[in-house]
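Asks: Coordinates only, no sequence provided:
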C-alpha cells in the first residue's frame, strides 16, 4: 500500500514541486493551502507524514503542529517543516514539537523524497 | 596707782610698818623690774628701725618681683596679641585664597566680614557691604526668601547646614544657583556668635548636568531608535531571505527536475538551457546566502553552533569536495596535515564553508597544471591552516581591496571563474567570529596566494 503524505504550503509552485517529487517516489499525496484545511485533511486521511510550511496564511506552522499534537487522531504523525527562513527563533519553535524534522528551502529535489521517507517509522 | 595710793594710806594708818617696809621693798623691786623692763624696751626700740628696714627691703623685693611678673605678663599679652594679629592675617589669608565667596554675619545678620572672592563674585564694594544687613546688600538684591528661611528658621535650630540650594536672579550677575554651607560659631569667650556663609556657585554645574541629562535622554532615545532600526533591519533580512528564496526554490527545483528528466527526456538544447537556468539559480542562491551571512555577521546576529570538530577528517572531507574541480583543471593537490592536529571547538557548517571557500578560490585562480594545497598544524592554543596555490596571486596594490567584497581583480581568470566575490571577506569574518586570525599573503601577480588562518582549539566565544 502506498504511503500517504500531506503537504501544506500556500505557495502553489512549492506545493506542485513537492507533490510531484513525492509522487515520483511512490507516495499518495494530499494537499492543503492553509493550516485549517491541512488539519482537517490530516484528521480525515491520517497520513503517514505531514509536510508543513512554517509561514502559512492563517497561522504559523508550529501552531498548526501543536493543534495536531493535541489531537489523539493526529498526535503520532511525524511532521516535517519546510521553510526558506531559518531564523534562530524558528528553530526553537520547531524543536518544541515532538517527532518533527526540518528541511530548508530550496529543497534538493534529488534527495527530498528520500529525506521525507527517513522520518516515517516503518 | 590709785589703788596703790589708797592701800599705802591704809597701811600707814594701820601702822603696819613692817608690812610697809615689805611693801616698799616690793615696790622698789617692782621699780627695778620696770627699769630693766624699760631697758629691755629701750633695747627693743633700738632694734625697731632695723626691723623696719628689713621689712621694707622684703617689701621692695616682693614689689620688684611683682613688677617683674607684671612686666612678663604684659610681654606675654603683647605676644599673644601679636600672635592673634598673626592669626587674623593667617585666617584672612586662607579666607581670601578660597575661591568660594564667604561672608560672616553677626547675630543681627549684619555683615561682619566678607572675603575677597565675595566682592569679586557679587560685584559689590567693601564700603557698601560691611555693617549692612545682609538682605540690604546690593540694593536689597539679597532679600531672598530662601536665604531668609535659612538664616531665620533653619539656623536658629541647627548650628550647621550644608548644601542649601538657593536660586536667585541678581540684577548685577544674572540668574545664579548657589549652594550654601552655613555655620554658627562662637567667637571667643564673649559668647558672641557669628554666622559664616560659604557660597558655591553651581549655575554652570547645573547647566552641565542639565545638558548631560538632556544628552543622556537623547542618547537613550537614539538607543531605542537604534534597537528598533536593528530589529527592523533583521526583520527585513529575514523577510528578504524568505521572499528571495521562495521563488528561487521554484526556479531551482523545477529546473532540476527537468534536467533530471524525471518526467520525460529533453533534447540537447533544452537540456543545456535548463542547465543554465539551474546553474544561474544556484549562483544567485549562493549570492543571497552570502550577502545575508555578511549582513548577519556585521550586525552581530551570526551565532555559532559550537561542537567538537574532528579536524583531520574534516579537512580530508573538504578536499574531496573540490576533487572534481581539481581533476577537471588537471591541478595537483597537496595535503600536509599534522599527525597531532587536535580537534577544535567550532561551528561545523561555518568551518566547512571557510575551507570550501578558500579551496575553491585556490582552484578557480590557478591555471591548468598548477598546484594547490592545504597545510594544517597545531599553533599554540590554536590550529593554523594555510590554503595555498601557485595561481594568479594578488598584486601589491590590490591587497587592501580583497576584503571589500565583490572585488575581483581583472585577470584572465576573472571571466572564466565563477564566484560571488564574497567568499574571502565572509571567510575572514567567520574566522574572526571563531576568535581566529586571518591573513592573505602573495608575492605578487601570478606568484600564487597563501591564505593563513587560525582557529582556537577551545572557543573563546561565548555562544
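Replies: Yep, that arrived. Computed from a predicted model, the values in this text were never measured in an experiment.

Asks: which helices and strands does the host helix or strand of residue B:244 pack with?
Replies: Element membership for residue B:244 (DSSP states H and E) is helix B:203-259. In terms of contacts (3 or more CB pairs under 8 Å, 6 or more residues apart in numbering or on different chains; DSSP states H and E), helix B:203-259 is packed against helix A:12-24, strand B:174-187, helix B:268-298. The C-beta positions use only the backbone N, C-alpha and C, and glycine is treated the same way.

Asks: Pipe these into TSV and attach distance to residue B:453, mean neighbour count and mean pLDDT per row.
Replies: Below are the helices and strands packed on helix B:203-259 laid out as TSV (distance: least, CB to CB, whole Å; neighbours: other CB atoms under 10 Å in any protein chain shown; pLDDT from 0 to 100):
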stretch	distance to residue B:453	mean neighbour count	mean pLDDT
helix A:12-24	39	19	91
strand B:174-187	60	15	86
helix B:268-298	15	15	88
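
Asks: For the ones you listed, give me TSV that also has distance to residue B:152.
Replies: Output for these, formatted as TSV (distance: least, CB to CB, whole Å):
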stretch	distance to residue B:152
helix A:12-24	86
strand B:174-187	12
helix B:268-298	66
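
Asks: Show the average pLDDT along the helix holding residue B:244.
Replies: The average pLDDT within helix B:203-259 is 86.

Asks: the bottom helix or strand of chain B by mean pLDDT?
Replies: helix B:412-416 (a mean of 51; mean pLDDT, DSSP states H and E).

Asks: buried ones in the helix or strand bottoming out on mean pLDDT in chain A?
Replies: Every helix and strand of chain A was ranked by mean pLDDT, DSSP H and E. The lowest is helix A:88-95, at a mean of 73. Residues of helix A:88-95 classed as buried: A:90, A:93, A:94 (neighbour count, 16 or more other CB atoms under 10 Å in any protein chain shown).

Asks: Stretch B:133-146 now?
Replies: For stretch B:133-146, by 16+ other CB under 10 Å, it's B:134, B:136, B:137, B:138, B:141, B:142, B:144.

Asks: And for stretch B:212-230?
Replies: In stretch B:212-230, counting by 16+ other CB under 10 Å, buried: nothing.

Asks: cool, and stretch A:67-74?
Replies: Under 16+ other CB under 10 Å, the buried positions of stretch A:67-74 are A:67, A:68, A:69, A:74.

Asks: The last one contacts residue A:48, correct?
Replies: Spelled out, that is residue A:74. No: assessed by CB atoms under 8 Å, residue A:74 is found out of contact with residue A:48, at 11.7 Å.

Asks: List the strands paired with the following helix or strand past the least confident helix or strand of chain A, with their directions.
Replies: Downstream of helix A:88-95, the next assigned helix or strand under DSSP H and E is strand A:100-104. Applying DSSP bridges to the sheet, strand A:100-104 is found paired with strand A:79-83 (parallel).

Asks: what's in contact with the strand it pairs with?
Replies: Residues outside strand A:79-83 that contact it (CB atoms under 8 Å, 6 or more residues apart in numbering or on different chains): A:9, A:14, A:18, A:49-55, A:61-62, A:65, A:68, A:90, A:94, A:97, A:99-105, A:107, A:115-116, A:119, B:242.

Asks: what distance separates the start and the end of stretch B:131-147?
Replies: 18 Å (CA to CA, to the nearest Å).

Asks: Tell me how far that stretch lies from the chain's centre.
Replies: In this view, stretch B:131-147 has its centroid 40 Å away from the chain centroid, taken as CA atoms, centre = their mean, to the nearest Å.

Asks: Report the mean per-residue pLDDT for the helix or strand where residue B:52 lies.
Replies: Assigned by DSSP H and E, residue B:52 belongs to helix B:17-97. The average pLDDT for helix B:17-97 rounds to 84.

Asks: Just list what that helix packs against, helices and strands only.
Replies: With 3+ CB pairs under 8 Å, 6+ apart as the test, helix B:17-97 has helix B:2-13, helix B:116-122 packed against it.

Asks: Now do the contacts for residue B:175.
Replies: Taking CB under 8 Å, 6+ apart as the test, what residue B:175 contacts is B:167, B:168, B:169, B:203.

Asks: The first one - how many residues pack around it?
Replies: Yep, that's residue B:167 we're talking about. 13 (other CB atoms under 10 Å in any protein chain shown).

Asks: how about the helix or strand hosting it: buried residues?
Replies: Using DSSP H and E, residue B:167 sits in strand B:160-170. Across strand B:160-170, burial judged by 16+ other CB under 10 Å covers B:161, B:164, B:166, B:168.

Asks: Past the least confident helix or strand of chain B, which element shows up next along the chain?
Replies: Downstream of helix B:412-416 (by DSSP H and E), the next one is helix B:423-433.

Asks: Contacts made by that next one with the rest, please.
Replies: B:290, B:293-294, B:297-298, B:302, B:304, B:350-351, B:353-354, B:357-358, B:360-361, B:402-405, B:437-438, B:440, B:451, B:453-455, B:461.

Asks: in chain A, which ranges drop under the pLDDT threshold?
Replies: Scanning chain A for pLDDT under 70 picks out A:84-89, A:122.

Asks: make it 80
Replies: Where chain A drops to pLDDT under 80, the residues are A:83-94, A:105-106, A:121-122.

Asks: Of all residues in it, which one is nearest the centre?
Replies: When CA atoms, centre = their mean is applied to chain A, the residue found nearest the centroid is residue A:51 (1.1 Å).

Asks: Surely that one is in contact with residue A:116?
Replies: Yes: Residue A:51 lies in contact with residue A:116 (CB under 8 Å); the separation is 6.7 Å.

Asks: Need the overlap of contacts for these two.
Replies: With CB under 8 Å, 6+ apart as the test, residue A:51 and residue A:116 both reach A:5, A:80.

Asks: Please, where are all the helices along the stretch 251-400 of chain B?
Replies: Ranges of helices in the stretch 251-400 of chain B, per DSSP state H, counting those that start in this stretch, are B:268-298, B:311-321, B:323-328, B:348-364.

Asks: Let's have those in TSV, adding distance to chain A.
Replies: Below are those laid out as TSV (distance: least, CB to the nearest CB, whole Å):
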stretch	distance to chain A
helix B:268-298	7
helix B:311-321	16
helix B:323-328	16
helix B:348-364	11
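
Asks: can you redo those helices as JSON lines with distance to residue B:395?
Replies: Shown next, in JSON lines, are the helices of the stretch 251-400 of chain B (distance: least, CB to CB, whole Å):
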{"stretch": "helix B:268-298", "distance to residue B:395": "24"}
{"stretch": "helix B:311-321", "distance to residue B:395": "28"}
{"stretch": "helix B:323-328", "distance to residue B:395": "25"}
{"stretch": "helix B:348-364", "distance to residue B:395": "16"}
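
Asks: any idea of the mean pLDDT for the strand holding residue B:167?
Replies: Here strand B:160-170 scores 86 as its mean pLDDT.

Asks: what does stretch B:136-147 give?
Replies: Stretch B:136-147 comes out at a mean pLDDT of 81.

Asks: which residues sit against that stretch?
Replies: Residues from elsewhere that reach stretch B:136-147 (CB under 8 Å, 6+ apart): B:111, B:122-124, B:128-129, B:134-135, B:164-168, B:170-172, B:180.

Asks: Stretch B:99-109 now?
Replies: B:95, B:111-115, B:117-118, B:120-122, B:133-135, B:151, B:192-201.

Asks: Just the ones of those residues in strands?
Replies: Among the contacts of stretch B:99-109, DSSP state E puts B:111-114, B:192-201 in strands.
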